[in-house]
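Visitor: Just need the structure, nothing else, for what follows:
(one chain, ligands or ions: 2)
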Amino acid sequence: MSEPKKLYIKTYGCQMNVYDSERMSEALGGQGYVETKSPDDADMILLNTCHIREKAAEKVYSELGRFKGLKAEKPDLKIGVAGCVAQAEGEEIMRRQPLVDLVVGPQSYHRLPEMEAKTRAGEKALDTDFPEEDKFEKLKNRPKAKRGPTAFLTVQEGCDKFCAFCVVPYTRGAEVSRPADRIIREAQDLVERGVREITLLGQNVNAYHGAGPNGDMTLAGLIWELNKVDGLERIRFTTSHPNDMGDDLIEAHGTCDKLMPYLHLPVQSGSDRILKRMNRSHTAESYLRLIERIRAARPDILMSGDFIVGFPEETDEDFQATLDLVEQVRYGYAYSFKYSTRPGTPAAERPQVDGEVADERLQRLQAMITRHQREIQDEMVGRTVNVLFEKPGRQPQQMVGKSEYLHAVHVTNPDLAIGDLRRVRITGSGANSLAGEVI
Ligand code: 5AD
Ligand code: SF4
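Guide: Residues are numbered from 1 along each chain as shown. Ligands and ions are numbered 1, 2, ... in the order given. You can find the predicted model right below:
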């Protein structure tokens with residue numbers, strides 16, 4: 001048998017990219033590739049890029065430039081760009097950086113094996129179409145490799161919301177849901193391979209409306225189906241839009257035993273004026289009322305969110321409204337970003353907020369979020385939680401896992417194994433994690 005070829009994938013950005021990278025690796029596995037951790041001994045390098053923030057494209061070009069020496073030494077090395085920058089830039093990437101052999105958009109990963117063969121024949125391969133087929137179905141030639149206890153599973157892709165700052169509707173395309181039976185089969189397959197917790201992924205995951213046996217299914221319907229999968233212990237989902245939080249999904253948080261009490265529900269701003277300009281089609285008040293209803297269904301739910309500060313025309317008053325909203329919600333986790341222009345999006349044309357003003361706001365918001373985060377984490381001390389252990393810790397005999405609220409928990413106990421799900425009493429709260437003991 002010939003030596004396996006080596007594949008180096010570098011993944012940027014969101015969990016969906018992590019999931020996609022796994023699928024690409026499996027697809028190329030069929031072509032005789034095994035993954036390597038170093039670009040230096042790779043036969044193919046793939047950058048799975050993200051376009052959501054920052055100067056994404058420029059970063060990719062500078063990263064690619066660094067492979068020049070490697071490619072000169074090893075003419076057979078193939079270099080590919082995948083992900084949202086590939087989708088946004090397309091052919092331009094090969095024009096600007098001739099060492100790139102392959103450019104593949106997120107909707108075309110099932111075509112990677114043919115594309116790889118094309119590059120081996122000395123041609124360039126480009127595919128940034130939005131085909132109608134289910135790429136994940138085509139990517140299914142999985143070896144039945146053992147997996148860790150947690151996995152992502154993409155159920156929905158794309159977005160029709162067109163928030164004024166966001167590139168996702170352009171790079172990931174229109175919203176598409178995968179049929180429920182395929183998702184359930186994939187979940188069963190993951191469980192057979194050792195997975196106990198699945199996070200359902202979608203850019204707008206709670207807008208899920210995939211074909212089920214009796215017409216379209218909602219996300220709640222899908223979660224109830226997954227709740228029946230033996231051996232699956234935990235279900236999570238991300239990312240949700242406030243306007244798609246159906247009654248059945250809210251209710252499921254109170255009644256579905258495998259659905260974890262954690263919800264990532266980005267609001268972006270607490271100012272109605274800014275929300276309107278962001279094209280968010282909800283208000284601060286409607287968002288707060290929604291959270292009240294979710295908390296009525298599941299009082300201990302831990303809320304998480306995303307914020308953008310310094311969105312065009314944001315005033316001190318608008319920003320204060322964001323702080324007020326955060327003070328009311330008290331997020332267990334929240335991610336806040338300084339607005340950054342994405343060419344081609346509506347907000348890019350508007351008057352920008354001064355960079356230093358935005359920096360100062362971001363610091364204030366992050367300080368408040370960190371304070372809440374810390375308080376909520378500290379309140380866990382003395383409580384009993386369930387921990388799914390994922391990996392060894394730094395100390396001898398220490399294991400790290402996640403509670404149902406997604407807090408990292410360290411436990412020192414020689415009897416613990418990866419994949420164990422145990423009751424743990426929380427005994428301490430550190431900077432970014434909890435400590436506890438098995439009971
Ligand atoms: N600038 C800053 N943050 C952004 N996000 C999306 N687009 C931008 C942008 N242009 C943030 C949003 C979103 C998260 C994934 O990234 O808060 O929820
Ligand atoms: Fe982007 Fe999310 Fe808005 Fe869709 S809902 S446009 S993915 S921020």
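
Visitor: neighbours of Gln373, just the number please.
Guide: Gln373: 20 surrounding residues under other CB atoms under 10 Å. Where C-beta positions appear, they are placed from N, C-alpha and C, glycine not excepted.

Visitor: Give me the buried positions along stretch 176-183.
Guide: Val176, Ser177, Arg178, Pro179, Ala180, Arg182, Ile183 (16 or more other CB atoms under 10 Å).

Visitor: Between the two ends of it, how far is it?
Guide: 13 Å (CA to CA, to the nearest Å).

Visitor: Check the average confidence over it, would you?
Guide: The average pLDDT for stretch 176-183 rounds to 95.

Visitor: now what about that stretch, what contacts it?
Guide: With contacts defined as CB atoms under 8 Å, 6 or more residues apart in numbering, stretch 176-183 is touched by 134, 136-137, 153-158, 200, 202, 207-213, 216-217, 221-222, 225-226.

Visitor: likewise stretch 235-246?
Guide: 15, 155, 161, 197-207, 218-220, 223, 226-227, 256, 258-260, 262-267, 280-282, 286-287, 290, 294, 306, 406.

Visitor: my read: Pro169 touches Asn204, true?
Guide: No - assessed by CB atoms under 8 Å, Pro169 is found out of contact with Asn204, at 9.7 Å.

Visitor: In terms of neighbours, single out the busier of the two.
Guide: Asn204 (23 against 18).

Visitor: what's near enough to touch the more buried one?
Guide: Gln156, Gly158, Cys159, Asp160, Lys161, Glu175, Thr239, Ser240, His241, Asp244 are the contacts of Asn204 under CB under 8 Å, 6+ apart.

Visitor: swap in Gln31?
Guide: With CB under 8 Å, 6+ apart, Gln31 has these contacts: Lys5, Pro113, Glu116, Ala117.

Visitor: for Thr384, same thing?
Guide: If you count contacts by CB under 8 Å, 6+ apart, Thr384 has them with Arg423, Val424, Arg425, Ile426, Ile439.

Visitor: Mind doing that once more with 6 Å?
Guide: Shown in contact with Thr384 (CB atoms under 6 Å, 6 or more residues apart in numbering): Arg423, Arg425.

Visitor: and it, bridged to which residues?
Guide: Using DSSP bridges, the bridge partners assigned to Thr384 are Arg425.

Visitor: Where strands are concerned, which of the buried residues of stretch 176-183 count?
Guide: Val176, Ser177 (DSSP state E).

Visitor: And the buried ones among the contacts of stretch 176-183, selectable in PyMOL?
Guide: Applying 16+ other CB under 10 Å to these leaves a buried subset, and the PyMOL line that selects it is:
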select buried, resi 136+153+154+155+156+157+158+200+202+207+208+209+210+212+217+221+222+225+226
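
Visitor: In helices, which of the contacts of stretch 176-183 fall?
Guide: Phe136, Glu137, Gly221, Leu222, Glu225, Leu226 (DSSP state H).

Visitor: Common neighbours of Pro169 and Asn204, please.
Guide: Common neighbours of Pro169 and Asn204 (CB under 6 Å, 6+ apart) are Cys159.

Visitor: Read off the pLDDT value for Lys144.
Guide: pLDDT, Lys144: 66.

Visitor: An error on my part: the question was meant for Asn17.
Guide: On pLDDT, Asn17 comes in at 89.

Visitor: Keep only the contacts of stretch 235-246 that also lie close to ligand 1.
Guide: Pro266, Asp306 (CB under 6 Å from any ligand atom).

Visitor: sorry, back to before: could you export the contacts of Gln31 as JSON lines, including pLDDT?
Guide: Converted to JSON lines, the contacts of Gln31 look like this (pLDDT from 0 to 100):
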{"residue": "Lys5", "pLDDT": "93"}
{"residue": "Pro113", "pLDDT": "90"}
{"residue": "Glu116", "pLDDT": "92"}
{"residue": "Ala117", "pLDDT": "91"}
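
Visitor: Which of the residues you listed fall in strands?
Guide: Taking DSSP E, the ones among the contacts of Gln31 that sit in strands are Lys5.

Visitor: Which of the contacts of Gln31 are buried, as a PyMOL select command?
Guide: To isolate the buried members of the contacts of Gln31 in PyMOL, using 16+ other CB under 10 Å:
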select buried, resi 5+113+116
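
Visitor: that older thread, what would the buried residues of stretch 176-183 look like in TSV with distance to ligand 2?
Guide: Formatted as TSV, these follow (distance: CB to the nearest ligand atom, whole Å):
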residue	distance to ligand 2
Val176	13
Ser177	15
Arg178	17
Pro179	22
Ala180	22
Arg182	23
Ile183	20
